[in-house]
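Engineer: Coordinates for the following, if possible.
(chains A and B)
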Amino acid sequence: AQKITQTQPGMFVQEKEAVTLDCTYDTSDPSYGLFWYKQPSSGEMIFLIYQGSYDQQNATEGRYSLNFQKARKSANLVISASQLGDSAMYFCAMRITGNQFYFGTGTSLTVIP
Amino acid sequence: EAQVTQNPRYLITVTGKKLTVTCSQNMNHEYMSWYRQDPGLGLRQIYYSMNVEVTDKGDVPEGYKVSRKEKRNFPLILESPSPNQTSLYFCASSLSGAGNTGELFFGEGSRLTVL
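Structural biologist: Alright, predicted model coming up:
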């Protein structure tokens, strides 16, 4: 069965510090994609970063990087230099062959001034 | 402006009264899908469509129907809504095929309450 697990319901980080949001996945599909989305309190879903299962290097997008450890089936999101505007819900998601998507239960991040 | 548009954004209805939530995208995306978001459960896929006239069940399709008669539209139909379908619903679209990441572009969400 396909599954995404986010074990941190809530996280706090000091402004300007880095934070890691955990995500593990489970699939037997050799080809898959991993995504992180941000959902601010306003409710919209914002795409942050993507990692393909065959990508050799970890994905980076500005202050976001994805720590992809394929053997451990983990795809943690690292946010560097946290800002107050980073306070939001963060969802890890997986797309498998056939384009079915699975989302984790989310991590609520609060950035403290 | 590239966007996914859902309507209505908010709806309160009663058990058994059929309703349709519309979804339209202007990005010529082949792939469209519906999700429901519930506290503590994250987003769960209801239905998805790879292209016109092609639809597939996601993880939680019971109580929902969809159709894909045109590439840009993917309505979600609740034939006989029940209170357990009270939720926040998202429509999303993406490019598919080789060379694309397949990232989802989401609509703003539709908050549905069934009394």
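Engineer: okay, CA-based contacts and neighbour counts for the rest of this
Structural biologist: Fine.
Engineer: Close to chain A: what parts of chain B are there?
Structural biologist: Contact residues (Cα under 8 Å from any Cα of the partner chain) of chain B with chain A: B:40-45, B:48, B:50, B:58, B:101, B:103-109.
Engineer: now with 10 Å?
Structural biologist: Proximity of chain B to chain A, by Cα under 10 Å from any Cα of the partner chain, involves residues B:31-33, B:35, B:37-50, B:56-59, B:88, B:90, B:92, B:96-97, B:101-109.
Engineer: Using the three-state scheme, assign A:Ser65.
Structural biologist: For A:Ser65, the assignment made with DSSP: H, G, I helix; E, B strand; the rest coil gives strand.
Engineer: Quick one: name the residues of chain A near chain B.
Structural biologist: A:6, A:9, A:33-37, A:42-52, A:90-93, A:95, A:98-107.
Engineer: In ChimeraX, how would I select the buried members of the residues you listed?
Structural biologist: Buried members of the residues of chain A next to chain B, defined by 16 or more other Cα atoms under 10 Å in any protein chain shown, are picked up in ChimeraX with:
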select /A:6,33,34,35,36,37,45,46,47,48,49,50,51,52,90,91,92,93,95,99,100,101,102,103,104,105,106,107
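Engineer: Mind checking which of the residues of chain A next to chain B are in strands?
Structural biologist: A:33-37, A:46-52, A:90-93, A:95, A:101-103, A:107 (DSSP state E).
Engineer: who's in contact with the most centrally placed residue in chain B?
Structural biologist: Nearest to the geometric centre of chain B sits B:Trp34, at 2.7 Å (Cα atoms, centre = their mean). Shown in contact with B:Trp34 (Cα atoms under 10 Å, 6 or more residues apart in numbering or on different chains): B:23, B:43-49, B:58, B:61, B:66, B:74-76, B:89-93, B:106-107.
Engineer: So which of those are in helices?
Structural biologist: Secondary structure defined by DSSP state H assigns none of those to helices.
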